[in-house]
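Trainee: can't give you the sequence, but here's the structure:
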């Protein structure tokens with residue numbers, strides 16, 4: 001009887017060791033799988049970046065062309081439709097367009113100043129005077145800053 005109990009105790013000890021080892025191996029496999037997924041996503045995003053930049057540029061070009069058209073309503077509508085199509089393609093790839101707001105405080109984390117506009121009112125200093133181009137982000141990461149013109153207070157002329 002003692003021999004059977006000792007054998008069972010040995011089996012239980014060995015099973016406990018195998019269970020702990022199995023748990024450790026499963027944790028390692030889970031960690032490796034998560035790391036592999038992160039690496040795959042980073043590689044995929046890196047491969048897409050040039051194409052996404054080109055699509056952003058294409059949308060910018062058609063916005064500029066639309067701004068240059070005067071009196072050509074059909075051509076202007078066509079430009080808007082092309083910009084909308086490109087924006088939809090970008091959205092399907094996880095790139096979201098965002099707009100800066102005229103009058104809002106300039107935010108260097110999401111906006112790039114492409115110029116300044118003189119103003120005498122101190123309350124407007126550092127606020128957005130004009131939005132030139134929208135920004136783009138993937139998740140929370142800005143991939144292209146919104147381009148804005150910022151108000152800058154100019155001192156009154158000396159007497």
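Mentor: Yep, that arrived. Worth saying up front: this structure is predicted, and the values here are computed from it rather than measured.
Trainee: list the contacts for the residue lying closest to residue 130 once chain neighbours are set aside?
Mentor: Nearest in space to residue 130, with sequence neighbours left out and distances taken as Cβ to Cβ, 6 or more residues apart in numbering, is residue 149 at 4.1 Å. C-beta: built from backbone N, CA, C; applies to glycine. Taking Cβ atoms under 8 Å, 6 or more residues apart in numbering as the definition of contact, the neighbours of residue 149 are 113, 114, 115, 116, 117, 128, 129, 130, 131, 132.
Trainee: neighbours around the first one, how many?
Mentor: What it means is residue 113. Other residues within reach of residue 113 by the criterion other Cβ atoms under 10 Å amount to 17.
Trainee: assign it to helix, strand or coil.
Mentor: The three-state assignment at residue 113 reads strand, by DSSP: H, G, I helix; E, B strand; the rest coil.
Trainee: double-check it against residue 148; I have them as touching.
Mentor: Yes - using Cβ atoms under 8 Å, residue 113 and residue 148 qualify as a contacting pair, with a distance of 6.1 Å.
Trainee: find the residues that touch each one of these two.
Mentor: residue 106.
Trainee: just the helices in the chain please.
Mentor: Under the criterion DSSP state H, the chain contains helices at 2-68, 73-92.
Trainee: the inter-axis angle of the last one versus helix 2-68?
Mentor: What it means is helix 73-92. If you take axes from the mean of the first three to the mean of the last three Cα atoms, to 10 degrees, helix 73-92 sits at 170 degrees to helix 2-68.
Trainee: end-to-end on stretch 84-98?
Mentor: 14 Å (Cα to Cα, to the nearest Å).
Trainee: list of residues touching that stretch?
Mentor: Counting by Cβ under 8 Å, 6+ apart, stretch 84-98 makes contact with 48, 52, 55-56, 58-59, 62, 110, 134-139, 143, 146, all of which sit outside it.
Trainee: rerun that using 6 Å as the cut-off
Mentor: When contacts are defined by Cβ atoms under 6 Å, 6 or more residues apart in numbering, stretch 84-98 is touched by residues 52, 55, 58, 59, 134, 135, 136, 137, 138.
Trainee: just for the chain, where's the confidence low?
Mentor: Low-confidence segments of the chain, defined by pLDDT under 70, span residues 1, 44-45, 47-48, 67-72, 156-159.
Trainee: wait, residue 132 touches residue 146, no?
Mentor: No - taking contacts as Cβ atoms under 6 Å, residue 132 lies outside contact range of residue 146: 8.2 Å.
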